[in-house]
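S.K.: build me a model from this:
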Amino acid sequence: MDTSSADQSTRADIGLVCALPLELSAFLGRCSKVKTYTGGRFTFRGGFYQNIRVAIVESGMGRARARAATNALLDAHAPRWIVSTGFCGALDPQLKIGQMIVADEIVNSVGDCLKVDVGMTSDAAQGRYVGRTLTVDEMVRTVAEKQNLAKLSGAIAVDMETFEIAQLCRERKVRFMAMRSVSDDLSADLAPEVLSLIGATGSIRLGAVIGALWKRPGSYKDMWQLRENAMLAAESLAEFLDGVVKQLHAAK
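M.R.: Predicted coordinates for the structure are as follows:
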């Protein structure tokens with residue numbers, strides 16, 4: 001289905017693709033008339049950011065789900081822009097929790113590269129970094145793994161969805177940007193339990209949480225820290241998107 005077939009009443013100005021509900025929860029709190037519906041395998045949310053109509057799809061984790069969700073968003077709402085957004089892991093030691101990454105190049109694990117004309121530069125004082133990002137197939141948990149990926153790819157941040165979204169937008173000739181908030185840096189490894197806590201759809205596995213606490217009671221501290229980092233990253237992302245959504249809407 002081509003985006004031209006979307007009904008005028010369902011069209012959006014800006015489309016946002018995220019993996020997890022938490023990632024855009026703070027941004028959605030700034031929107032009005034928010035509606036939620038399920039289409040196929042994905043959850044969609046739509047509303048107004050001031051006078052700008054936004055549509056959001058929560059894809060779940062991974063490249064294949066990200067591509068399918070973006071396709072569904074384009075078919076249903078025909079946005080003029082697609083923004084790949086959410087959280088990322090830092091590969092550069094200077095990046096801290098809550099700082100913003102804007103991709104001007106996106107690479108995958110086999111070395112394919114897509115360039116993005118972002119029209120902005122890094123500003124460390126504002127916590128904004130523009131550079132290459134890497135898309136991988138599995139969550140990167142340890143500092144050593146991140147350091148190795150940084151050396152191999154030259155990227156400053158890593159996620160599991162952006163390359164596929166960017167590639168699809170190029171195929172469908174839709175304007176695209178990628179911006180993400182750092183939710184884990186290089187100060188420490190992520191807790192080993194994190195790999196089992198989050199399902200492919202982005203939902204929290206309650207059984208895995210209970211199991212982790214049973215096996216390692218001290219893991220509650222790590223889970224709490226994960227939550228705190230995620231909340232900070234989500235708030236920073238909402239603040240950054242405040243300006244970006246307005247600028248994209250105004251762009252010719």
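
S.K.: contacts and neighbour counts: CA atoms only from here.
M.R.: OK.

S.K.: so where is this structure shaky, pLDDT-wise?
M.R.: Along the chain, the parts satisfying pLDDT under 70 run over 1-8, 192-224, 252.

S.K.: got the residue ranges for the strands in it?
M.R.: All strands of the chain, identified by DSSP state E, fall at 14-18, 32-39, 42-49, 52-58, 81-90, 100-108, 113-115, 128-135, 157-159, 175-184.

S.K.: just checking, what packs against the longest helix anywhere in the chain?
M.R.: In the chain, taking DSSP state H as the definition, the longest helix is helix 219-250. On a contact count with 3 or more C-alpha pairs under 8 Å, 6 or more residues apart in numbering; DSSP states H and E, helix 219-250 meets strand 14-18, helix 25-28, strand 81-90, strand 100-108, strand 175-184, helix 206-215.

S.K.: now tabulate those in CSV and tack on mean neighbour count.
M.R.: Listed next are these as CSV, based on neighbours: other C-alpha atoms under 10 Å:
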stretch, mean neighbour count
strand 14-18, 26
helix 25-28, 18
strand 81-90, 26
strand 100-108, 24
strand 175-184, 25
helix 206-215, 14
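
S.K.: looking at those, which is closest to residue 127?
M.R.: strand 100-108 (6.1 Å; C-alpha to C-alpha).

S.K.: that closest one pairs with which strands?
M.R.: When pairs are called by DSSP bridges, strand 100-108 turns out to pair with strand 113-115 (antiparallel), strand 128-135 (parallel), strand 175-184 (antiparallel).

S.K.: how about residue 232, nearest residue that isn't a chain neighbour?
M.R.: What sits nearest to residue 232 in space, not counting adjacent residues and going by C-alpha to C-alpha, 6 or more residues apart in numbering, is residue 98, at 5.7 Å.

S.K.: the one you found: neighbouring residues, count only.
M.R.: 25 (other C-alpha atoms under 10 Å).

S.K.: how about it, phi and psi?
M.R.: Here is the backbone geometry of residue 98 (degrees, to the nearest 10): phi 90, psi -10.

S.K.: list the contacts of it.
M.R.: By C-alpha atoms under 8 Å, 6 or more residues apart in numbering, the contact list for residue 98 reads 181-183, 229, 232-237.

S.K.: farthest-separated two in those?
M.R.: 229 and 237 (12.2 Å).

S.K.: what about the two, which has more around it?
M.R.: Neighbour count, other C-alpha under 10 Å: between residue 229 and residue 237, residue 237 has more, with 27 against 17.

S.K.: contacts only, for that one.
M.R.: Neighbours of residue 237 in contact, by C-alpha under 8 Å, 6+ apart: 23-24, 26-27, 86, 98, 100, 180-181.
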